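Q: take this sequence and fold it.
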Amino acid sequence: MAIQVEDMNLEKEKLQVVMKKLLDTIEQLDDEISSKVDESIEFKKMVWKDKYSMDKVEQQQFMSSSLQEATLLIAKDKYFRKLLRMRNNPYFASIIFDTSSNHHEIYMGITYLKDDDIDNMIYDWRSPICSLFYDNELGECSYLAPEGQIFGSLKRKRQYKIENGNLVGVFDNSINISDDLLQEVLATKSDEKMKNIVNTIQKEQNEVIRDIDNQTLIVQGIAGSGKTSVALHRIAFLLYKIKNLTSSNILIFSPNQIFTEYIANVLPELGEDNTLQTTFHDYLSNHLKEYRKVESFMEFIEKYYTKRNHDFNLIKYKQSEEIILDIKNYIENIIHQFTFHQGIVESHIFSYTKEELFQLFKRYERFPLVERINQMAIKLSETNYNGTRKKVSTYRKLIMESCNFSKDYKQIYVDFYKSHFSKMSLPMVEEKNLLKSRTVFYEDALLMVYMKGLLEGFPYENQIKEVVVDEAQDYNKLQYIILKEIFKRANFTILGDVNQSINPYYHYDSLASLESVFEEKCKYIELNKTYRSSSEIIDYTNKILGLNHVSAIRKETNIPVIIDKIKNFIKDDWVRSVKELEKKYQSIAIITLDDATAKEVYDELNNDLNLTLIELKQERFAKDLVVLPAYIAKGLEFDCVIVYVSTQEFVLSKNLFYTACTRAQHQLMIKQKI
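A: Numbers count the residues shown, from 1 in each chain. All right, here's what the predicted structure looks like:
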């Protein structure tokens, strides 16, 4: 609701005061930082000249002083850079909150701005009092402050549209789904990069963002519910809230490099550095050195949809939860059967019988098998060489030669399928491929890494304190077991949508089943409102999977979903249709259900349209007019989507088809080849 003229004038005056203070603070910080850098350089030059006249205590004092000074300078520079990001748009909202003793008028931005040494002129959106803006309607309410629960009355909620330091629009509202500003944001055309949603965060999203009571959050969110945005804003909140947490302590597992590039601007827009990012494929490649190349998840999926897999049931078993227990029992049996067939002798000086070796082996039973052997070698070296470890490798070799275990993970994995622990056997050609090939399939790589971890221990990453997993439905339960082993002390935020699962061999009924993996302080949350697509698109996509999602967020566009059944690919019709859409939309995607069809469409249309083919290996992409398979489009959104699908694909690949259709914001067209 627009405000009165008098209020508008007061808000314009307020903005001018804030802008002056902001620009003055930026200038002051710029001078301070430059001055400190110059002083530090001169001081170091002076100390360097006198270093030989300084004793150890003086040197330590100097080092300590320099470290403190550098830490303060880095913090000041980071704050300076946040203020620079705010100089054209210092705040986006305000609230009036009255308690029995105080009247609070709070303006919210991406960071704080001091009015004086006590009060804030602008509050960081992550501060406790600002949660009132996201969580409450007008009236009696409370928020949790460091000193306890603060009760009062929320008198006003106001939003601002500020461009280049000028007040363009002001709205009084209660952040309902029909709010003017939210509708304006939703109506905006899609950009090449994801943007922050700090001014339109909804109550159910804020619950996820600000949760610090649980070690693991599992978020099931429907298509367009803002899962990825919520995850990134949660990261920004945790960086604000948790002392000594830095971006280098946070790791995001994303589906592919294209998606990583797409989200790269969000945290910097919020004034924070981007975190570490990886894919599960990167982890497999780093920890499975037995092969030169590990097939990626997308290649694994692509293989299915291009009909290049021959044994569906075997791959389904390899992806199942059943095989996890089978492999665990198999490895436990290897450990149980472990023995020494002879003793060891070194240079006729030291010797150990096989019984003595086995007793030493039992002493280290708290370790995995391979690490036990390593601990034995360390103990023998320290015992026989005056406490040194210079002979560890020699003893390790002697122990391995004396026992019935060979650290050949390829053979161990193949032998599993020959054992009574496995429910299925390997074809000879696949066994040969596993032993001789330099490339390993994705499904085998997962199991081999797990097997390797059980035998020698999982690598422990103690630097990582927060792990975020996006597109969680595409990870099977074994992957979460592995992640939990690697990041033993990390908190997890896991976000996905079971309806967008594209793995034909593994499917969750609900992500809530992951609670059995993480157990302690684990919370399952659902996000059931979609902010991406028009109601017409939501109605259509609901029918694909028999869902009942309600849009009710965007105002009706009155643009129906167009279903065009075609017998042949007529180039002129495609070109004409796309050129008409280009007049209305900034980003258009032609989405197919496999990469071969995407390549065919690109080859047909590229000479007549400025088209970009998106492939797995790409790291950057232009979003104006693209063609890509649905499994790469996951997580992305476009103003308009044309889904090119055959009748057979329409019937057999419903989840993938659903994923493709839900990428559309404003208009969806289906070209169904019959």
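
Q: in this protein, which strand is the longest?
A: For the chain, the strand with the greatest residue count under DSSP state E is strand 148-163.

Q: quick one: buried residues of that strand?
A: Ile150, Gly152, Leu154, Arg156, Lys157, Arg158, Gln159, Tyr160, Lys161, Ile162 (16 or more other Cβ atoms under 10 Å). Where C-beta positions appear, they are placed from N, C-alpha and C, glycine not excepted.

Q: quick one: strands adjacent to it?
A: Within its sheet, strand 148-163 is paired with strand 93-98 (antiparallel), strand 139-145 (antiparallel), strand 166-172 (antiparallel), according to DSSP bridges.

Q: pick the most deeply packed of those.
A: Ranked by average neighbour count under the criterion mean count of other Cβ atoms under 10 Å, these are headed by strand 93-98 at a mean of 20.

Q: contacts for it?
A: Applying Cβ atoms under 8 Å, 6 or more residues apart in numbering, the external contacts of strand 93-98 come out as 103-108, 125, 129-130, 132-133, 152-160, 199.

Q: low-confidence ranges in the stretch 251-400 of the chain?
A: Applying pLDDT under 70 to the stretch 251-400 of the chain picks out residues 307-309, 347-348.

Q: where do the strands sit along it?
A: 276-278, 293-294, 344-346, 350-352 (DSSP state E, counting those that start in this stretch).

Q: just these: most buried one?
A: The most buried one of those (mean count of other Cβ under 10 Å) is strand 293-294, showing a mean of 18.

Q: who touches that one?
A: Residues outside strand 293-294 that contact it (Cβ under 8 Å, 6+ apart) are His281, Leu284, Ser285, Leu288, Arg438, Thr439, Val440, Tyr442, Ala445.

Q: in a markdown table: those, plus distance to Asn542.
A: Listed next are these as a markdown table, based on distance: Cβ to Cβ, whole Å:
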| residue | distance to Asn542 |
| --- | --- |
| His281 | 33 |
| Leu284 | 36 |
| Ser285 | 39 |
| Leu288 | 41 |
| Arg438 | 46 |
| Thr439 | 41 |
| Val440 | 40 |
| Tyr442 | 32 |
| Ala445 | 36 |
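
Q: nearest to Lys543, of those?
A: Distance to Lys543, by Cβ to Cβ, is smallest for Tyr442 among the contacts of strand 293-294, at 32.2 Å.

Q: looks like the closest one contacts Glu302 (just checking).
A: No. Using Cβ atoms under 8 Å, Tyr442 is not in contact with Glu302, being 10.5 Å away.

Q: shaky segments in this structure?
A: Using pLDDT under 70, the flagged stretches of the chain are 1-2, 37-67, 117-118, 174-193, 307-309, 347-348, 550-557, 619-623, 651.

Q: for the residue most central in space within it, name its beta-bridge partners.
A: When the chain is reduced to its mean C-alpha position, the nearest residue by Cα atoms, centre = their mean turns out to be Ile252, at 3.5 Å. Ile252 forms beta bridges with Gln277, Val468, as assigned by DSSP bridges.

Q: can you check Phe97 too?
A: His104, Leu154.

Q: any idea how far it is from Tyr395?
A: Separation of Phe97 from Tyr395 (Cβ to Cβ, to the nearest Å): 69 Å.

Q: likewise Pro128?
A: Distance of Pro128 to Tyr395, computed by Cβ to Cβ: 58 Å.

Q: who's more crowded, these two?
A: Tyr395 (25 against 15; other Cβ atoms under 10 Å).

Q: how much space between the closest residue to the more buried one other than its chain neighbours and Leu360?
A: Nearest in space to Tyr395, with sequence neighbours left out and distances taken as Cβ to Cβ, 6 or more residues apart in numbering, is Ala377 at 3.9 Å. The gap separating Ala377 from Leu360 is 10 Å, by Cβ to Cβ.

Q: between those two, which one's more packed in?
A: Ranked by neighbour count (other Cβ under 10 Å), Ala377 and Leu360 place Ala377 first, with 21 against 18.

Q: Ile537: what's it in contact with?
A: Ser551, Val561, Cys661, Thr662, Ala664, Gln667, Leu668.

Q: so which of the residues you listed comes closest to Thr275?
A: Closest to Thr275 out of the contacts of Ile537 is Thr662 (26.3 Å), distances taken as Cβ to Cβ.

Q: tell me the secondary structure for the closest residue to the closest one other than its chain neighbours?
A: Distance criterion Cβ to Cβ, 6+ apart; nearest residue to Thr662, sequence neighbours excluded, is Ala223 at 3.6 Å. With DSSP: H, G, I helix; E, B strand; the rest coil as the basis, the three-state label of Ala223 is coil.

Q: how many residues are close by Leu288?
A: Residues lying near Leu288 (other Cβ under 10 Å) number 18.

Q: Thr383 too?
A: Look at Thr383: counted by other Cβ under 10 Å, it has 12 neighbours.

Q: same question for Asp30.
A: Around Asp30 there are 14 residues (other Cβ under 10 Å).

Q: for Gly165, see how far away it is.
A: In terms of Cβ to Cβ, Asp30 sits 18 Å off from Gly165.

Q: before we move on, what about Glu269?
A: Glu269 is 18 Å from Gly165, by Cβ to Cβ.

Q: what's the answer for Asp172, then?
A: 22 Å.

Q: what does Leu652 give?
A: Distance, Leu652 to Gly165, using Cβ to Cβ: 55 Å.

Q: what are the buried residues along stretch 97-112?
A: By neighbour count with 16+ other Cβ under 10 Å, stretch 97-112 contains the buried residues Phe97, His104, Ile106, Tyr107, Met108, Gly109, Ile110, Thr111, Tyr112.

Q: what about these, which are in strands?
A: Going by DSSP E, the strands hold Phe97, His104, Ile106, Tyr107, Met108, Gly109 from those.

Q: quick one: the fifth one and Arg126 touch, right?
A: Right, the one you point to is Met108. No. In this structure Met108 lies outside contact range of Arg126 using Cβ under 8 Å: 9.5 Å.

Q: quick one, helices of the stretch 101-250 of the chain?
A: Ranges of helices within the stretch 101-250 of the chain are 131-135, 180-187, 203-209, 227-241, based on DSSP state H, counting those that start in this stretch.

Q: touching the third one from outside, list them.
A: Think helix 203-209. Residues contacting helix 203-209 (Cβ under 8 Å, 6+ apart): 131, 134-135, 175, 197, 201, 217, 219, 226, 229-230, 233-234, 237, 493, 525, 527-529.

Q: check the offset of that helix from the chain's centre.
A: 17 Å (Cα atoms, centre = their mean, to the nearest Å).

Q: ok so, going back, and which of the buried residues of stretch 97-112 is nearest Glu261?
A: For the buried residues of stretch 97-112, the minimum distance to Glu261 (Cβ to Cβ) is 22.2 Å, reached by Ile110.
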